[in-house]
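**Q** using only what follows, build the 3D model:
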Amino acid sequence: MSILTGLQAARALLGEGASVEAIYWTKGERFVAVNASLEANAFLDGAPKGARELRFVAQPGGGFFEAKAGVLGKERSVELGAIVVCCHGGPGEDGTLQAALDLAGVPYTGPAASGAALCMDKLAFGSVVAAAGLPSLPRKLVVRGAEAPPWDGPHIVKPRFGGSSIGIEVIAEWSDVVRYAELGGPHTTRGVVAEPYRSDAYDVNVALRTYPALALSLFERPLRAPGKSQIFSYNDKYLGGDGMVSAPRELPAQLDGGLEKELREAAGVVASLAGARGVWRLDFLVAGGTGPWWVNEVNTIPGSLAKYLWVGDAAVEFPALLADMIEEAKRRPSAQWSSMGADGSALRSAASIANKLG
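**A** Modelled structure (predicted):
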């Protein structure tokens, strides 16, 4: 999905006459430069033909470098005004890539390292939302021997760290929840959280952006065909031909006026709490026509950058959406550091390290 989002963004920018350098982060954790006008099938076997190896340097003056041809060829810096980050999940969305780009001083779109890390951690994000007084279903960290939570099954069980919809199960018995957590699969090795399963609740999503000012897209209600899974699964979202664009949905969602107002206000609070930057998608759970409702999770780099939600009364053309994200990346740095206080006073007063050790 990251490849598809990246190719969509590259194609839109190329269509506006922009100079685009496309960088592919391979499964082997290598960075390579690729043709920005490629189709998706070029990546079926990994890095496409003609890909050029890049080296990334995470320090001031760093960034991406490409070796020139020839034995005596020197590296050249890949000049980038800003990076449009299109990575979904993993180190591309959990703050790892963002922190590295911060160290290199390379402007980028999307969440800062802190916001990315918070929103990828379902337990921490839920705690922050609840502490702010927003409705949130209780979440419990599942570990070996964990006592049953104060709610009856069935339970929604999710990887603590990970993208939306992957590795999520509905499990009836608590003993099976603990057993699932102990399996140690690829998505659950870093922890599992559980929350009550509300069979009466449905999903309501909205995209938000923060530049030039906080704005919300239309609300959507994803639809599941009868007989499909109990949750809005990864297959429902992304494997319907054109991905999220072709997934069945009610857009705009037919919401009670009072409910929509409450969700809009909650979206603004979440954006402030988590330091929204770029384009995010916020997912709610709603039961009934007017609620109750709960903040579920936030996707800080949504599939297709949620371009399919910026239509109707909230219409923003995809090239304009990208242009604003790039402008924000340049004007609002994701990280700023200061050396204030690092004047050597502590070192001069330290005496010997042996004394400090006692």
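
**Q** going forward, measure contacts and count neighbours with C-alpha atoms only.
**A** Will do.

**Q** pull the number of nearby residues for G89.
**A** A count of nearby residues for G89, using other C-alpha atoms under 10 Å, gives 22.

**Q** equivalent analysis for the one 4 residues further on, please.
**A** E93 is flanked by 28 other residues according to other C-alpha under 10 Å.

**Q** wait, it touches I301, no?
**A** Yes - E93 is within contact range of I301, at 6.9 Å (criterion: C-alpha atoms under 8 Å).

**Q** list residues touching both of these two?
**A** Residues touching both E93 and I301 (C-alpha atoms under 8 Å, 6 or more residues apart in numbering): C87.

**Q** what's the burial count for A82?
**A** 16.

**Q** got the buried residues for stretch 114-129?
**A** Residues of stretch 114-129 classed as buried: 114-126, 128-129 (neighbour count, 16 or more other C-alpha atoms under 10 Å).

**Q** can you check stretch 92-107 too?
**A** For stretch 92-107, a neighbour-count test (16+ other C-alpha under 10 Å) marks 92-107 as buried.

**Q** can I get that stretch in PDB, CA atoms only?
**A** Output of stretch 92-107 as PDB, limited to C-alpha atoms (Å, rounded to 0.1, in the frame of the first residue of the first chain):
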ATOM      1  CA  GLY A  92       8.000   4.600   8.200                       C
ATOM      2  CA  GLU A  93       5.100   5.600  10.400                       C
ATOM      3  CA  ASP A  94       6.200   5.000  14.000                       C
ATOM      4  CA  GLY A  95       8.600   7.800  14.300                       C
ATOM      5  CA  THR A  96      11.800   5.900  13.300                       C
ATOM      6  CA  LEU A  97      12.100   7.500   9.800                       C
ATOM      7  CA  GLN A  98      10.900  10.800  11.100                       C
ATOM      8  CA  ALA A  99      13.600  11.000  13.800                       C
ATOM      9  CA  ALA A 100      16.300  10.100  11.200                       C
ATOM     10  CA  LEU A 101      15.100  12.800   8.900                       C
ATOM     11  CA  ASP A 102      15.100  15.300  11.800                       C
ATOM     12  CA  LEU A 103      18.700  14.400  12.500                       C
ATOM     13  CA  ALA A 104      19.600  15.000   8.800                       C
ATOM     14  CA  GLY A 105      17.700  18.300   8.800                       C
ATOM     15  CA  VAL A 106      15.500  17.200   5.900                       C
ATOM     16  CA  PRO A 107      12.000  18.700   5.800                       C
END
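
**Q** and stretch 105-115, how far apart are its ends?
**A** Using C-alpha to C-alpha, to the nearest Å, the end-to-end distance of stretch 105-115 comes to 18 Å.
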